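Trainee: Here you go, sequence then predicted model.
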Amino acid sequence: MDSFLVEYLSSGKCVVLVGSGPSTAMGYPSWADLATITIKALRDEQPGANLKKLEAPFSRKDYPSVFEEAEKILGLPRLRQILSSECKPKSQNGKVYDLIARWPIKTFLTTNFDDELQNHLTALGEAYLAYNNSEDHLAQFTPDLSGAIFKLHGDFRSNDGLILTRSQYTVIQSGPQYEYWRTKMTSLFQMMPVVIVGHSLTDENFRHVLAAAKKGCGVINPVCWIAPDVSPDQRREYLEKYRIRVISYDNRDGSHRHLTTLIENISNFVPPRIKYHAREQVLRATRSALQNNAAAPGFYVYNKLCVEDSFDNKRQEVIIATILAGLKAYDQSDKFTIDDVLNKAGWPTDQKLNIHLQSLVLNP
């Protein structure tokens, strides 16, 4: 087992960047699948449309260009809607995510559009907030940050920050709009040990991250990259040229099933995240014969939070996390209010957010 990899993951200071491998292992559609879905939707919705501009890049596996041409015909909101409806797993076997979620990692990065990482952390009782790739959100990313998942390519919920089409990839690689993104990623590789899981080293659409790694890491803090189908000669080349230590697995069938075995072996050497037991005075404060109607737990938490300088920010984060949990019960076509979402997540029905607090939450 690679000594750098084990040391990084066990340190409690490591950042893990999760690629498509774990999601593909769960049966999420590949880029080729999503491009096929896009072309089919165009045939159904635009019977007379000329699809040659999509079929040519599809044949050479240039899927971002497929999405680029589809966006010109359908518009980005409709394209997002089509892809979002199909972005579902065929299997509930999320073993890789189960194992990764148990690693003692404070901050995760991901280029995936799905929410599997956050879902598996939540299943362990770990509260992680999802951040997008905006300048304001990335500014929050410091070595001390804990409980965060940064979506480096956005997701299908919004046009803002979505990296899907060829022009969007061009902008994030070299456009001035994403200069902050490239600077932050370079500083990340300089400041912190980084482990990348489930991304192919040969994926041209991941080269902007590879460029940041080359610029930011060094001999002392090489990136550890768990990647499919990398030969010994290629591993040596990446270590010498990019300061990347590659831990490879066999993925010739494209299923990433061997990634599960590798992550299981790695997890045998990495201590799981530590659960702290509540102190007795906390337990006493939360016990009450009144059960869910008890005021003591809320009073105790309120008093503890009030002494924090960032009380208002923490309050907003709690409400936002509750809203994100409640949103999972709704489809994009559903109509709902912020109170509906909060109630769905278990927020007390008699405690409505005032207008000022709603404004702070919706416009952080």
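Mentor: Arrived safely.
Trainee: Every contact and neighbour count from this point should use C-alpha atoms.
Mentor: Noted.
Trainee: Next, the contact list for residue 16, please.
Mentor: By Cα atoms under 8 Å, 6 or more residues apart in numbering, the residues touching residue 16 are 105, 107, 108, 109, 194, 195, 196, 197.
Trainee: so residue 352 makes contact with residue 339?
Mentor: Yes. Using Cα atoms under 8 Å, residue 352 is in contact with residue 339, at 6.9 Å.
Trainee: Between these two, which is the more surrounded one?
Mentor: Using other Cα atoms under 10 Å, the more surrounded residue of residue 352 and residue 339 is residue 339, with 18 against 14.
Trainee: Kindly provide the whole-number mean pLDDT of the helix or strand encompassing the more buried one.
Mentor: Assigned by DSSP states H and E, residue 339 belongs to helix 338-344. Helix 338-344 carries an average pLDDT of 73.
Trainee: Then stretch 156-173?
Mentor: What stretch 156-173 shows for mean pLDDT is 90.
Trainee: cool, stretch 45-65 as well?
Mentor: Stretch 45-65 comes out at a mean pLDDT of 88.
Trainee: With residue 101 as the reference, measure out to residue 119.
Mentor: 10 Å (Cα to Cα, to the nearest Å).
Trainee: Between the two, which is the more surrounded one?
Mentor: Per other Cα under 10 Å, whichever of residue 119 and residue 101 has more neighbours is residue 101, with 22 against 18.
Trainee: Correct me if wrong: the more buried one contacts residue 120.
Mentor: Yes. If you go by Cα under 8 Å, residue 101 and residue 120 touch, sitting 6.4 Å apart.
Trainee: Poorly predicted segments of the stretch 251-364 of the chain, please.
Mentor: Across the stretch 251-364 of the chain, the ranges flagged by pLDDT under 70 are 255, 274-316, 318, 322, 325-334, 344-347, 349-351, 353-364.
Trainee: Please enumerate the strands of the stretch 201-350 of the chain.
Mentor: 223-228, 244-249 (DSSP state E, counting those that start in this stretch).
Trainee: for those, which one ends up most surrounded?
Mentor: strand 223-228 (a mean of 24; mean count of other Cα atoms under 10 Å).
Trainee: Could you list every helix and strand that that one packs against?
Mentor: strand 194-197, strand 244-249 (3 or more Cα pairs under 8 Å, 6 or more residues apart in numbering; DSSP states H and E).
Trainee: name the helices or strands packed onto the last one?
Mentor: Which is strand 244-249. Using 3+ Cα pairs under 8 Å, 6+ apart, strand 244-249 is in contact with strand 223-228, helix 232-242, helix 257-267.
Trainee: Rebuild those as a markdown table, extending it with distance to residue 184.
Mentor: Converted to a markdown table, these look like this (distance: least, Cα to Cα, whole Å):
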| stretch | distance to residue 184 |
| --- | --- |
| strand 223-228 | 16 |
| helix 232-242 | 18 |
| helix 257-267 | 28 |
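Trainee: just those: most buried one?
Mentor: Mean neighbour counts for these (mean count of other Cα under 10 Å) peak at strand 223-228, with a mean of 24.
Trainee: For it, output the C-alpha coordinates as PDB.
Mentor: Extracted C-alpha coordinates of strand 223-228, given in PDB (Å, rounded to 0.1, in the frame of the first residue of the first chain):
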ATOM      1  CA  VAL A 223      -0.900  14.400  -5.200                       C
ATOM      2  CA  CYS A 224      -2.100  10.800  -4.600                       C
ATOM      3  CA  TRP A 225      -4.300   9.800  -7.500                       C
ATOM      4  CA  ILE A 226      -6.400   6.600  -7.500                       C
ATOM      5  CA  ALA A 227      -7.000   6.200 -11.200                       C
ATOM      6  CA  PRO A 228      -7.900   3.400 -13.600                       C
END
